[in-house]
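> Sharing a sequence plus its predicted fold:
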Amino acid sequence: MSRTVDNRDEKMSIVSDLHVKGKELISNSSKGAEGVAINVRIPRGIVNGIDDWVEDEMFRSRSDFLLSAARHYLLYLADKKLRSSEDRGEMID
């Protein structure tokens, strides 16, 4: 279903829906669901920064940090896509 977003309340509702979907993603991925292992090369400086957050007990592990970062970035990209579509006056699915 497509619609044109033309008022602030509707825009905020769509952004809220994106965040709800993101929370579902977070919830679904943290319920012991089987994950997919991937290999990624990350520069040492970034790993050091991740390790600092893990050592400060903000995250349980590097994997926990990276999973959280991926979730947040997906929400950011969805929001950016929505805002870009709004700016062009395009239809929102």
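Arrived safely, thanks for sending. Given the structure is predicted, the values throughout are model-derived calculations rather than measurements.
> By mean pLDDT, point me to the weakest helix or strand of the chain.
Within the chain, no helix or strand scores below strand 3-4, which has a mean of 48 by mean pLDDT, DSSP states H and E.
> burial of residue 47, as a residue count?
Using other C-beta atoms under 10 Å, residue 47 is surrounded by 12 other residues. To be clear about C-beta, it is placed using only N, CA and C from the backbone, and glycine gets the same treatment.
> Could you find the closest non-adjacent residue to it?
residue 62 (7.5 Å; C-beta to C-beta, 6 or more residues apart in numbering).
> what residues are up against the one you found?
For residue 62, the contact set (C-beta atoms under 8 Å, 6 or more residues apart in numbering) comprises 47, 50-51, 54.
> mean confidence score for the helix or strand containing residue 69?
Assigned by DSSP states H and E, residue 69 belongs to helix 62-88. In this model, helix 62-88 has an average pLDDT of 87.
> Check which residues of that helix are buried.
65, 67-68, 71, 75, 78, 82, 85-86 (16 or more other C-beta atoms under 10 Å).
> Specify which member of those is nearest to residue 43.
Nearest to residue 43 among these, counting by C-beta to C-beta, is residue 65 at 14.9 Å.
> Now the phi/psi pair for the closest residue to that closest one other than its chain neighbours, please.
Spatially, and ignoring its direct neighbours in sequence, residue 65 is nearest to residue 59 (4.2 Å; C-beta to C-beta, 6+ apart). Reported as degrees, to the nearest 10, the phi and psi values for residue 59 are phi -140, psi 150.
> residues contacting residue 59?
Applying C-beta under 8 Å, 6+ apart to residue 59 gives the contacts 50, 53, 65, 68.
> which among the buried residues of helix 62-88 gets closest to residue 38?
Closest approach between these and residue 38, by C-beta to C-beta: residue 67, at 11.0 Å.
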